[in-house]
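J.: This is a predicted model, with the sequence first.
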Amino acid sequence: MVKKILMLITVSVLLLVLAACGTTTETTTPTVTATAKPLPTKTPIPTATPTVTPAPSGVFASGALPAAFRTQINDKLAQQAGAFIASGDPNLAALQVAYAPNIDVPIIGQWVYALVAPFPTLVDDVPWSAVQSAWQGQPVECDACDFTGPLRLSETTLSALKTVLGEPASGAVEVVPADQLTQKLWDAKPAWGILPFDELNPRLKVLSIDGRTPFHHNLDMNAYPLVVKIGLAGPIEKAEQLQAVLGQPLTNRDESKLTLVAMTGVTAMSRDFAASMDVNGVLYPAKNIQDYFDTSDIVHISNEVSFWPDCPKQPTANRGVFCSDPSYWELLKHVHTSVIENTGNHMNDYGWEPFSYTLGIYEKEGIPYFGGGRTITEATRYITLTNNGNILAFAGCNPVGPSIDWVDGLGDGRPGSAKCASPYPELQDEIKKAKATGAVVFSTLQYNEQPLGDYSYETAVSQEKDFERLIDAGADVVSGSQGHSVQGFGLKGNGFMHYGVGNLFFDQMQARNLRENFIDRYLVYDNKLLGVELLTTIRDETALPRKMTTEERRGLLKTLFDLSYWE
């Protein structure tokens with residue numbers, strides 16, 4: 001029985017296996033053949049190669065160099081992309097910056113120096129040989145050089161000039177702290193000193209050397225002897241790379257920051273002066289002095305007489321009443337007039353209409369004006385001009401009248417000059433506001449033309465005190481544009497005063513002091529007044545100023561220096 005059961009089980013299993021393996025079904029299920037897929041190939045990840053940024057090359061500037069130069073180069077290095085960096089350790093620096101007596105090295109700096117003397121010094125120009133002799137402790141052979149040794153200069157300047165002049169002879173130079181140099185020169189006058197161009201101030205006079213001066217534009221750096229080169233020592237490739245990064249050599253005398261302002265005296269193109277122009281031509285008066293204006297950046301003209309189409313032919317019978325033919329404007333254009341002063345007391349001699357007409361000419365020509373206008377606000381305001389980055393402010397007024405000349409002087413709303421009176425509170429306010437803008441401020445006064453009762457070289461004490469008030473208010477320059485007679489000068493701190501500049505374009509010929517004239521040329525650099533150059537002229541005939549001879553100039557300067565107020 002058991003056998004039978006086992007057999008049945010075996011048969012059943014076999015049948016099941018056969019059924020599973022047979023083809024008795026009508027629908028055929030396709031066989032899926034599994035194909036083995038290869039594993040995906042991994043893209044190798046590149047191994048990052050570290051980029052090594054070269055460390056910036058250190059640049060060491062010697063402490064013997066001018067502080068202003070070291071500031072400039074450190075600022076430049078901080079601004080560039082990082083190839084170079086200022087270093088305080090010469091042993092760790094790739095490049096050394098120092099004075100370069102050997103100009104074959106890459107030059108990155110040109111530092112300009114000036115030969116100076118106290119302002120009331122008569123000599124204007126000295127030969128380079130005289131400077132060399134002074135440096136060597138030898139007698140200075142120079143006509144009227146007014147030099148008594150030693151040369152005064154700072155320690156830093158001495159280090160610089162050794163590359164130009166070599167070691168000085170014993171006792172030939174006196175080293176003075178830079179901030180005491182000006183006073184030392186005044187205490188020792190007649191005396192010479194040498195200092196960096198950018199450290200000049202109005203208490204010092206710049207002496208030209210063989211006719212070359214850093215005071216003027218277009219200085220030939222290769223011909224002017226007081227230029228010190230600053231160069232690089234180190235691997236030449238790196239030195240040339242830094243030279244390219246810095247661009248133009250660093251300097252303390254950048255022409256793009258330099259402005260020369262010419263301030264003039266009385267212009268009154270009327271009377272005999274006008275008659276001479278009618279005969280000789282409108283441009284005739286500038287014939288011999290045109291280059292003084294051509295080489296200035298800003299030309300100030302104090303035009304004291306109004307233009308008027310109906311101006312009578314000059315001269316008239318009434319010699320105290322003035323006007324100018326409009327054609328005379330061409331002379332003022334020819335001398336490059338940049339700013340007009342309206343403080344003159346003959347503006348309304350023929351009524352207010354000529355002055356209004358005159359203001360229209362200035363406006364049409366685009367010439368700014370101050371010290372007078374159509375309204376009190378316009379007449380009394382300060383104005384500003386900009387040149388080569390310098391801000392120049394001008395403000396002035398007329399304390400002497402007459403009433404018909406002042407703006408609204410008769411209560412009729414007339415245009416005219418700006419009325420003022422000592423101590424000039426309104427003018428002082430304008431000066432303070434202008435100074436607050438960072439401007440170099442030029443203030444003018446149409447002062448009493450005869451404070452001592454006649455046309456004189458002398459200056460009344462009252463005038464000196466009034467001018468000082470304006471310096472105290474912040475003016476850098478106070479100019480007496482009224483003075484038919486030239487007058488002397490004053491200094492208060494670094495504020496400069498010229499009490500009477502004299503007649504520029506006017507006819508007075510009755511006395512020598514009325515024929516003499518100054519054109520004061522002020523040097524402004526990087527928004528700072530550095531000094532003044534006195535240009536002197538004289539008229540031998542009514543309308544023709546000429547440059548003074550050396551003897552005439554020295555005679556006039558000596559007279560006025562002796563009458564001046566030196567603080």
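T.: Nice, thanks for sending it over. Numbers count the residues shown, from 1 in each chain.

J.: got the buried residues for stretch 322-342?
T.: Residues 322-326, 328-329, 331-332, 335-342 are the ones in stretch 322-342 that count as buried (16 or more other Cβ atoms under 10 Å). For glycine as for every other residue, the C-beta is placed from the backbone atoms N, C-alpha and C.

J.: With stretch 108-126 instead?
T.: In stretch 108-126, counting by 16+ other Cβ under 10 Å, buried: 108-124, 126.

J.: when you check those residues against the strands, which ones overlap?
T.: Within the buried residues of stretch 108-126, residues falling in strands by DSSP state E are 108, 109, 110, 111, 112, 113, 114, 115, 116, 117, 118, 126.

J.: ok, and the closest non-adjacent residue to residue 155?
T.: residue 175 (5.3 Å; Cβ to Cβ, 6 or more residues apart in numbering).

J.: what about the one you found, distance to residue 194?
T.: 11 Å (Cβ to Cβ, to the nearest Å).

J.: Those two - which one has more neighbours?
T.: For residue 175 and residue 194, the more surrounded residue by other Cβ atoms under 10 Å is residue 194, and the numbers stand at 24 against 15.

J.: That one should be in a strand, yeah?
T.: Yes: according to DSSP: H, G, I helix; E, B strand; the rest coil, the state of residue 194 is that of a strand.

J.: tell me the contacts of it?
T.: 113, 114, 115, 116, 151, 152, 153, 157, 161, 226 (Cβ atoms under 8 Å, 6 or more residues apart in numbering).

J.: now those as a markdown table including distance to residue 54?
T.: Putting the contacts of residue 194 into a markdown table (distance: Cβ to Cβ, whole Å) gives the following:
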| residue | distance to residue 54 |
| --- | --- |
| 113 | 38 |
| 114 | 42 |
| 115 | 46 |
| 116 | 47 |
| 151 | 47 |
| 152 | 47 |
| 153 | 42 |
| 157 | 38 |
| 161 | 38 |
| 226 | 40 |
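
J.: Mind picking the two most distant members of the residues you listed?
T.: 152 and 226 (14.7 Å; Cβ to Cβ).

J.: ok so residue 279 is a helix residue?
T.: Yes: checked against three-state DSSP, residue 279 lies within a helix.

J.: which parts of stretch 56-68 are buried?
T.: Buried residues in stretch 56-68 (16+ other Cβ under 10 Å): 56, 57, 58, 59, 60, 61, 65, 66.

J.: Tell me how far the closest residue in space to residue 455 that isn't next to it in sequence lies from residue 248.
T.: Among residues not flanking residue 455 along the chain, residue 485 sits closest, at 4.1 Å (Cβ to Cβ, 6+ apart). Look at residue 485 and residue 248: by Cβ to Cβ, they are 47 Å apart.

J.: related to what we said a few turns ago, tell me the pLDDT of the residue nearest to residue 455.
T.: Listed pLDDT for residue 485 reads 94.

J.: got it, and residue 10?
T.: 35.

J.: What residues of the helix or strand hosting residue 359 count as buried?
T.: Assigned by DSSP states H and E, residue 359 belongs to helix 352-365. For helix 352-365, the neighbour count (16+ other Cβ under 10 Å) marks 352, 354, 355, 356, 357, 358, 359, 362 as buried.

J.: same deal with stretch 419-433?
T.: Under 16+ other Cβ under 10 Å, the buried positions of stretch 419-433 are 419, 420, 424, 426, 427, 428, 430, 431, 433.

J.: ok, residues contacting it?
T.: Contacts of stretch 419-433 (Cβ under 8 Å, 6+ apart): 380-382, 393, 395-399, 401, 406-407, 409, 418, 441, 443, 445, 462, 466, 469-470, 473-475.

J.: circling back: would JSON lines of the buried residues of helix 352-365 with pLDDT be doable?
T.: What follows is the buried residues of helix 352-365, written out as JSON lines (pLDDT from 0 to 100):
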{"residue": "352", "pLDDT": "96"}
{"residue": "354", "pLDDT": "97"}
{"residue": "355", "pLDDT": "98"}
{"residue": "356", "pLDDT": "97"}
{"residue": "357", "pLDDT": "98"}
{"residue": "358", "pLDDT": "98"}
{"residue": "359", "pLDDT": "98"}
{"residue": "362", "pLDDT": "98"}
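
J.: out of these, which one sits closest to residue 284?
T.: Using Cβ to Cβ, these come closest to residue 284 at residue 358, 21.8 Å.

J.: Can you pull out the low-pLDDT segments for the chain?
T.: 1-53, 450-453 (pLDDT under 70).

J.: Tell me the spatial nearest neighbour of residue 102, not counting adjacent residues.
T.: Using Cβ to Cβ, 6+ apart, the nearest residue to residue 102 is residue 231, at 7.6 Å.
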